[in-house]
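Colleague: this one's structure only:
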């Protein structure tokens, strides 16, 4: 059957619905295989979890997710049930009857997809035999000490066994598509192809193994992509066997995909195959019923962060919280890969600029990166206790004041304000004021660090000298633990925290996609990214003026580290110069970009990959023009009409710009409608 080749993503808000000939899903079974199905490890968990509903809506009962079985995850996240497909049930029974446990159920996430989970421990007794067979099949040996690689082989062998039993049962009707994510699932794909199992295969690498290792070692990666001795570098880092698994998976698959154009370039050099399709990562974008509700959420959650700041900086709270901006960086603690080194250096320069220009704006910067700790530090907990004590004192005095004022008014008197509070009240208030005195600076970190002297963030804070002094306009709070609403210190979930901040800063050097700036965007929070992240490249391609929409893209590919630091500093300094009204306008524009990141649109690249895999695996039944790659032309946000045409005109000449000075005409609904019309004209 002929397959449509059009992939023009033109169905943004107000645009015609994208149309393509649907796959006959009733005659197909789709299996998505990932190590992170029901097993949260990293960013791939977010990819497969958020995409599940879209895929279930399209495939219904014919979509299954495959992952490893962990008892705790299964009990907490999966509702066990019988497999509805008789062929799948028989294939599972074949493994169960041979001592390899397989569980089936519904994953309790949005969409409730079916999951098939293989118990690696129950099949570990086959490891030596399967290692020998794998060596005979493809010449890749796995060392005994690499537990993760050995587990991936067991998992892959169970996958291949299952697919062999399944396809024997189905006899070609319906056809099977297997989509494998990352090198941990690679052995299963390699074995399926080597055993000539009749199924279409897709392999997605979200980040190349060697690329991540090289960037973490502070290598000038992107300028030397064509110069690396790949085998030597992998051997030096003792990951040669993993690299071989990844590379073999890439070359065995019918269709190879990756998540961004920057990773596609990397894969071409590291794995020696150009991806057939780039499949950008999306999110489930939920629109609120009330217009601009995200602005109200920002205000509410900002208040919660302000309460934490009042406690953390007690005794040094000589800055105006209404003129304080909250910046943050979050993610895995990969100091250079995530750009924390560039960020800290830029903060030092920002602090200098704010002081030189006598700017009354204060910036509180949060580092949310998990590190080894042994608990909250005493000074941080004391700060929150002092804040609560002050609140209780103020509340009790307020109650007395209110009662006396009420009694006086009932008598028809105007009370003497000098006498309405007695000496005891003043004594209580003075004691409360004395309790806020401290002889040390507010702590940089909220926890007791196990490796305080060698921790990269703390070492660089000492180098640049940002110790939260009164004269510093930039304050730093390092929270080495993921956020939780049950925390006694900062009781907020990550989503609430992001909504309360003003700017997310993610100047990554190695970031195949980058969910953190994407999450900021759909919540209407401006963010900084780079042209070495998949998200940054995507925004550069699809938005004419990303900065106007609150997406600041730092050039880390074609500039030196010092130039990148200066550019990031200028971005942050310019943001500090904005008035409150300008920040509100920018948040409106940022949230408007959320349609670009919705799986309803980005999921179509996965549709194209499945089309292509079927046409290559079963060319007699599924035909597709191989010279017609998907196009995204006509998918570009124009510059907002209310933004001045000159970049310099959009910045104010003075850092003391006020809301009253801002008479820029602006109507968000009108501007959004004009954007939609302009996009139509581009098409």
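Modeller: Yes, it's here. All values derive from a computational prediction rather than experimental measurement.
Colleague: how about the helices in the stretch 301-450 of the chain?
Modeller: Applying DSSP state H, counting those that start in this stretch to the stretch 301-450 of the chain gives helices spanning 340-356, 378-410, 423-435.
Colleague: Could you tell me the least trusted of those?
Modeller: Across the helices of the stretch 301-450 of the chain, helix 423-435 has the smallest mean pLDDT, namely a mean of 78.
Colleague: Just tell me which of the helices of the stretch 301-450 of the chain ends up closest to residue 613.
Modeller: helix 340-356 (38.7 Å; C-beta to C-beta). (Each C-beta comes from the backbone N, C-alpha and C, glycine too.)
Colleague: list the helices and strands that closest one packs on?
Modeller: Contacting helix 340-356 under the criterion 3 or more C-beta pairs under 8 Å, 6 or more residues apart in numbering; DSSP states H and E are the following elements: strand 362-368, helix 456-464, strand 474-479, helix 561-577.
Colleague: Of the ones you listed, which is nearest residue 217?
Modeller: Distance to residue 217, taken as C-beta to C-beta, is lowest for helix 456-464 among the helices and strands packed on helix 340-356, at 13.8 Å.
Colleague: Show me what counts as buried in that closest one.
Modeller: Under the neighbour-count criterion of 16 or more other C-beta atoms under 10 Å, helix 456-464 has 456, 457, 458, 460, 461, 464 buried.
Colleague: Quickly name whichever of the residues you listed is closest to residue 331.
Modeller: Using C-beta to C-beta, residue 457 comes nearest to residue 331 of the buried residues of helix 456-464, at 12.7 Å.
Colleague: if we can go back for a sec, now the helices and strands packed on helix 340-356 in JSON lines, with mean pLDDT?
Modeller: Listed next are those as JSON lines, based on pLDDT from 0 to 100:
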{"stretch": "strand 362-368", "mean pLDDT": "97"}
{"stretch": "helix 456-464", "mean pLDDT": "96"}
{"stretch": "strand 474-479", "mean pLDDT": "97"}
{"stretch": "helix 561-577", "mean pLDDT": "97"}
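Colleague: Is it possible to get JSON lines of those that adds distance to residue 100?
Modeller: Converted to JSON lines, the helices and strands packed on helix 340-356 look like this (distance: least, C-beta to C-beta, whole Å):
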{"stretch": "strand 362-368", "distance to residue 100": "40"}
{"stretch": "helix 456-464", "distance to residue 100": "43"}
{"stretch": "strand 474-479", "distance to residue 100": "43"}
{"stretch": "helix 561-577", "distance to residue 100": "51"}
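Colleague: In a markdown table, list the buried residues of helix 456-464 along with distance to residue 143.
Modeller: Output for the buried residues of helix 456-464, formatted as a markdown table (distance: C-beta to C-beta, whole Å):
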| residue | distance to residue 143 |
| --- | --- |
| 456 | 30 |
| 457 | 34 |
| 458 | 35 |
| 460 | 36 |
| 461 | 39 |
| 464 | 42 |
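Colleague: Out of those residues, which comes closest to residue 263?
Modeller: So of those, ranked by how close each gets to residue 263 (C-beta to C-beta), first place is residue 456, at 25.0 Å.
Colleague: Identify the residue nearest that closest one in space, chain neighbours excluded?
Modeller: residue 335 (4.1 Å; C-beta to C-beta, 6 or more residues apart in numbering).
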